[in-house]
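# Got a sequence here, can you build the structure:
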Amino acid sequence: MIISTARYAPGLSILALLGLAGCAGSVPKASYSHPIATDARIAANDQAVVSVDAADSAKMLSSDMQRLSEKIKLKIDARKLANASPAGDPGNYAVDVHVTRYEKGNAFARAMLAGLGQIHLDATVSVYRMPAHTLVGEFQLAKTFAWGGIYGASTSMDDIENTFADGIAASVTGQEEGPPKQKT
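Prediction:
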């Protein structure tokens, strides 16, 4: 019996797309342009101030930026507890998040077919040691969600922001493979 692979090509294409897009709960990995040194990772006693701004093309409301900033701060505060503080004074850091792509997508389109109505959230993150404002790390982070069906329709930008915030927190604390995720 000869099986035609052309018949399965659309299904295989969708599966490949889904594999690349990942799920809403998977934490994105940073792509470093300036790796964060071990002594500059945010630790338990350190303080981090998070600010979020967006490129004009990102079409992000100020309320969206404020909400994302708060989520990132909460995730950093939760993750930094796993890092022992070095001897000496606690460090102060500024975490500047510049959102370059912010697309909420379309839940109805995602429900109809995987790959349609995708959610995108991309940013460049710069970490500064304060008060000298010395750059100690910089990376890009991107999160795309493209699942279809009920899962695709029920996933929102809020869900993606949570995993995106956790990706930033994991990166600035040096825990990319780190402690188990807590439910949000």
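# ok, now how distant is the residue nearest the centre of the chain from Ala170?
Centroid check for the chain by C-alpha atoms, centre = their mean gives Phe164 as the closest residue, at 2.1 Å. Computed as C-beta to C-beta, to the nearest Å, the Phe164 to Ala170 distance reads 11 Å. For the C-beta atoms, the positions are set from N, CA and C on the backbone; glycine is no exception.
# C-terminal to the longest helix along the chain, what's the next element?
Longest helix in the chain by number of residues (criterion: DSSP state H): helix 62-80. On the C-terminal side of helix 62-80, the nearest following helix or strand under DSSP states H and E is strand 92-103.
# distance between that following strand and the chain's centre?
The chain centre lies 10 Å from the centre of strand 92-103; the measure is C-alpha atoms, centre = their mean, to the nearest Å.
# could you point out which element follows it?
helix 107-112.
# which other residues reach that next one?
Residues from elsewhere that reach helix 107-112, judged by C-beta atoms under 8 Å, 6 or more residues apart in numbering: 116-118, 146-150, 152-156.
# Narrow these to those in helices?
Counted as lying in helices by DSSP H, out of the contacts of helix 107-112, are Gly149, Ile150, Gly152, Ala153, Ser154.
# what helix or strand does the nearest residue to Tyr32 once chain neighbours are set aside sit in?
Nearest residue to Tyr32, sequence neighbours excluded (C-beta to C-beta, 6 or more residues apart in numbering): Phe139, at 4.5 Å. Here Phe139, judged by DSSP H and E, is contained in strand 134-145.
# got the ones in helices among the contacts of helix 107-112 as JSON lines, with neighbour count columns?
Formatted as JSON lines, the ones in helices among the contacts of helix 107-112 follow (neighbours: other C-beta atoms under 10 Å):
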{"residue": "Gly149", "neighbour count": "12"}
{"residue": "Ile150", "neighbour count": "10"}
{"residue": "Gly152", "neighbour count": "28"}
{"residue": "Ala153", "neighbour count": "17"}
{"residue": "Ser154", "neighbour count": "13"}
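# now those in JSON lines, with pLDDT and distance to Glu70?
Shown next, in JSON lines, are the ones in helices among the contacts of helix 107-112 (pLDDT from 0 to 100; distance: C-beta to C-beta, whole Å):
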{"residue": "Gly149", "pLDDT": "81", "distance to Glu70": "31"}
{"residue": "Ile150", "pLDDT": "80", "distance to Glu70": "29"}
{"residue": "Gly152", "pLDDT": "68", "distance to Glu70": "26"}
{"residue": "Ala153", "pLDDT": "77", "distance to Glu70": "26"}
{"residue": "Ser154", "pLDDT": "77", "distance to Glu70": "23"}
